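A.B. asks: No letters, just coordinates:
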C-alpha cells in the first residue's frame, strides 16, 4: 500500500488514459501525446468532477421518465396496452417466466440505477478526499465502465420488437417515449463514467501520504 | 518614449488561476434533461383528467389497466383499479377519465358495463367480443360535477337520442322487456326503456322512449296497446290472429295510434301517462261513457255465451255482454237466465245518423261540429228511438252462434216484424229488451215438432192398409187380364166381318173412281194421257224388275259379280 501512496503526477510522470503507459510528459503544461498509442495525455481530466456530476444528474433526471413512461405500446385487436419497464417485469414474473423477468429487472432497472449510485458515491468520496476503500472504488469504477456498453439491452429488444411485430390490422407495437429516456440514461451514464478520472480516487491518498510523509 | 529594445520595463501579466468550481457548459445537459422531463411531467399532469369511482354490483369482465370507458365509441377513460367495497357487497371501480371528457362527469352521468348480448331483438356489444367488456357512458344534463357514481346494472337502451319519454300504465307486463320495440303504423319508432311495479302493486308502469320526430305523433288522445307476441282470440267472431311484426311476435312490443273518432290535438307532453290496452280492439274502442245496461231474459241455454261476447245491431258490433247469470223469480218460483248487456246507443245512433244523413240529401258533408251536434241530439233521444224500434219495427235480441266450431254465442239485434208485440219500459235502471228464440233453437224446435208429428202417425195401420190395397190391385189386374182375353175371342170374328164390309165398300169406291176417270176426265185429256204414259212407264219398270228377279233367281251372285253372260233387256 505504501507504493500506492505516490501518484505518477507527483513524481512528474503521466499515465496514458487509453493504454495505461507511464511516460514522461513533453511539457509540464502540455504533456503531449502518448508515445505508444498516440492518445492525448492529460495530468488529470479537465473538470472531471464537474462533468461527471452534470452527466450523472442529467442521467438521474432522465431515469425517472424512463421508468414512468411506457416503453412499448402494443395494439392487439383494437385494444392498446402500454407497458413500462417495471410493468413488463411484473408481467413476465406473473406469467411465470421469472428468469426473463430477472434479466430484464437486472439489465434495465438495477444496472442503470446501480451505475448512477456508484458514480454518485465515487464523486462524493473523491470530493471529500476520502482515502478508504480506494482499491474497491477503482474496481467498482472499472466495473461500471465495463458494464456501460451492455446496458442497451432494453433498447435493442424494443427496436427488434417494433420492427418485427407490425401485423397491421391485428397487432402492432409502437415504441414509447420511455425508451428514448432510457437510452439517454444509458448514454449519459456511459459518458459520465468516461468523464470520471479514476486517478482522482488515489490523489487524496497521495496527498495524505505527502502530508504525513 | 522608451527605446524599442527596452521591454523589461513592461509590466508582467499575471496568471490568474482558474477559479475552481467555475460552471462548465456541461451543465446544460442536466438542465436540458430536467426541462424536458419537467415539460413532459407538466404536460402529463395537465392532460390528466379526473379520477372517478363507480360502484357496480359486479365487475363482469373489468380489468384494471385494461378496461376502457367509452362514450360514442370514443375512449374517454381507463379503469385503473377494481376492488370490493368496504362491506364486500359491491365492486368499486376506479377509472381515470381523459381531460377532454372531464366536463362530462356530472351528477346524473350514467355508467354501465357493456358486454356482448345476444337476444331475439338483436345482437349488441359485438365489439366487446374482441376487445373485452368496457364501461359505457351516458352523459347527464346536470351542471354539478361529481367523481363518485353508481353504475347501472342494465345498460340503458337510449343514451342520448332526441325524442320523448312517456309512461304507460298496464295491468301486467305481458311479454315486454327492456328494449321491446314500439310501433307506430308498423314502423319501429321507439323502445321500452324501463318498467316497474307501481307502488301500490296493482299496475305496472312501463316507460317508453319514442325517437324524434315520431314523438310528435303521440297525442294526449293516443291509445297504446300491447302488440306482444301472437294475439289469438277465439271469440264469437271467429279465431283472430294478430301480430305487429315478426320481432314483436318473438319478443313482444307495443303499438300506438290515435282512434279515428278522436281528432288529435297537439303533441302530448313528455312523461304523460297513458293506459296500456291489451290489444288494438280494446284500445280503439270508443269511450263507453254513455253506455246503458239492458237486461235480456232468454229462454234457452246460455252455454257458449261468455262475458265480453259481442252484441250486434244488424250485424254491427254495438255492445257487449257484461254479465251472464240466472234470475230467481220469487213470484213464479222459477229460475230463468238473465243476460245483462252493455248496449252503446252512441254507436247505434252513429249508424242511425249516418242513415239519416243519407236520407236527407241536402246535408252533403256535415261539418264536424254539426255532426257532433246531431249525434248528441240523437243520443239524447236514444231511449225514445230504441223504444220505437222495438215496439214498431220489431227489434229483438236473439242468441246466435258465432261459430259452429267453438259454439260461441253472441247477442244479435235484428228486426223481426212477425215477432209478438212487446213493450219496453225505458224508465227502469236496466230496461228489459224483448228477445226471440235463437236461430238454432228455433230450428231445433221446428225439427222436434216435425219429429213429434211423425211419431204420432199410425204407421202400422197405414202399412196394413197399403197391403190390403195392393192385394185388391192384384185382383183388379187379373180381372182386366181376363177381360182382355175374352175380348180376343168374342171380338175378332166381328172385326173380320167389319173388315170385309170395309173391303166391299172400298171396291165400290174404286169403281166409282174408275167411272169418274172415264166419265170426268176422258181418254184424250192431258192428265189422262200423262197418267197413261206414267202407267206404261210403270209397266216397263215392272217388267225390268221381273227380268232382274229372274236373273237373280238364276244367278244370285250376279248382284256382286255382275252378269256372266250378256242378256237381253237393260236395266
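C.D. replies: Here it is on my side, so go on. As the structure is a prediction and not an experimental result, all values here were calculated from the model. Residues are numbered from 1 along each chain as shown, chains lettered A, B, ... in the order given.
A.B. asks: For chain A, which segments count as helices?
C.D. replies: Secondary structure of chain A (DSSP state H): helices located at A:48-68, A:85-94, A:98-104, A:111-127, A:134-148, A:153-164, A:177-195, A:199-212.
A.B. asks: Also compute the angle for the first one relative to helix A:153-164, please.
C.D. replies: I take that to be helix A:48-68. 50 degrees (axes from the mean of the first three to the mean of the last three C-alpha atoms, to 10 degrees).
A.B. asks: For burial, what's the neighbour tally of residue A:196?
C.D. replies: Neighbourhood size, residue A:196 [other C-beta atoms under 10 Å in any protein chain shown]: 26. (C-beta placed from N, C-alpha, C; glycine too.)
A.B. asks: ignore the last one, residue A:171
C.D. replies: 13.
A.B. asks: That one against residue A:75, yeah?
C.D. replies: Yes - using C-beta atoms under 8 Å, residue A:171 makes contact with residue A:75 at a distance of 6.5 Å.
A.B. asks: can you pull the contacts of the residue in chain A that chain B sits nearest to?
C.D. replies: Residue nearest to chain B within chain A: residue A:58 (3.7 Å; C-beta to the nearest C-beta). Counting by C-beta atoms under 8 Å, 6 or more residues apart in numbering or on different chains, residue A:58 touches A:184, A:188, B:29-30, B:32-34.
A.B. asks: Among those, which are located in helices?
C.D. replies: If you go by DSSP H, those have A:184, A:188, B:29-30, B:32-34 in helices.
A.B. asks: need the residues of chain A near chain B, please.
C.D. replies: Proximity of chain A to chain B, by C-beta under 8 Å from any C-beta of the partner chain, involves residues A:47, A:50-51, A:54-55, A:57-59, A:61-62, A:64-65, A:69, A:77-79, A:81, A:177, A:181, A:184, A:188.
A.B. asks: filter the residues you listed to the buried ones?
C.D. replies: Neighbour counting over the residues of chain A next to chain B (16 or more other C-beta atoms under 10 Å in any protein chain shown) leaves A:47, A:50-51, A:54-55, A:57-59, A:61-62, A:65, A:69, A:181, A:184, A:188 as the buried ones.
A.B. asks: Let me have the contacts of residue A:58 in JSON lines, adding pLDDT and distance to residue B:412 as columns.
C.D. replies: As requested, the contacts of residue A:58 are exported to JSON lines (pLDDT from 0 to 100; distance: C-beta to C-beta, whole Å):
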{"residue": "A:184", "pLDDT": "89", "distance to residue B:412": "99"}
{"residue": "A:188", "pLDDT": "89", "distance to residue B:412": "104"}
{"residue": "B:29", "pLDDT": "84", "distance to residue B:412": "106"}
{"residue": "B:30", "pLDDT": "84", "distance to residue B:412": "105"}
{"residue": "B:32", "pLDDT": "87", "distance to residue B:412": "102"}
{"residue": "B:33", "pLDDT": "85", "distance to residue B:412": "101"}
{"residue": "B:34", "pLDDT": "87", "distance to residue B:412": "100"}
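A.B. asks: which one of the helices of chain A lies closest to residue B:44?
C.D. replies: Evaluated with C-beta to C-beta, the helices of chain A place helix A:48-68 nearest to residue B:44, the distance being 8.6 Å.
A.B. asks: Give me the distance from the closest one to the chain's centre.
C.D. replies: Put simply, helix A:48-68 sits 10 Å off its chain's centre (C-alpha atoms, centre = their mean, to the nearest Å).
A.B. asks: same thing with stretch B:460-479?
C.D. replies: 67 Å.
A.B. asks: count of neighbours near the closest residue to chain A within the stretch 401-550 of chain B?
C.D. replies: Chain A sits closest to residue B:406 of the stretch 401-550 of chain B, with a gap of 59.1 Å, by C-beta to the nearest C-beta. By the criterion of other C-beta under 10 Å, residue B:406 has 14 neighbours.
A.B. asks: that's a strand at it, yeah?
C.D. replies: No - in this structure, residue B:406 is coil, not part of a strand, as judged by DSSP: H, G, I helix; E, B strand; the rest coil.
A.B. asks: List buried residues within the ones in helices among the contacts of residue A:58.
C.D. replies: Buried members of the ones in helices among the contacts of residue A:58, scored by 16+ other C-beta under 10 Å, are A:184, A:188, B:29-30, B:33.
A.B. asks: any idea which of these is the one closest to residue B:502?
C.D. replies: residue A:184 (162.9 Å).
A.B. asks: Do I have it right that that closest one meets residue A:61?
C.D. replies: No - contact between residue A:184 and residue A:61 fails when scored by C-beta under 8 Å: they sit 9.4 Å apart.
A.B. asks: Identify the contacts common to those two.
C.D. replies: residue B:33.
A.B. asks: Poorly predicted segments of chain A, please.
C.D. replies: In the predicted model, chain A carries pLDDT under 70 at residues A:1-6, A:77-79, A:169, A:209-213.
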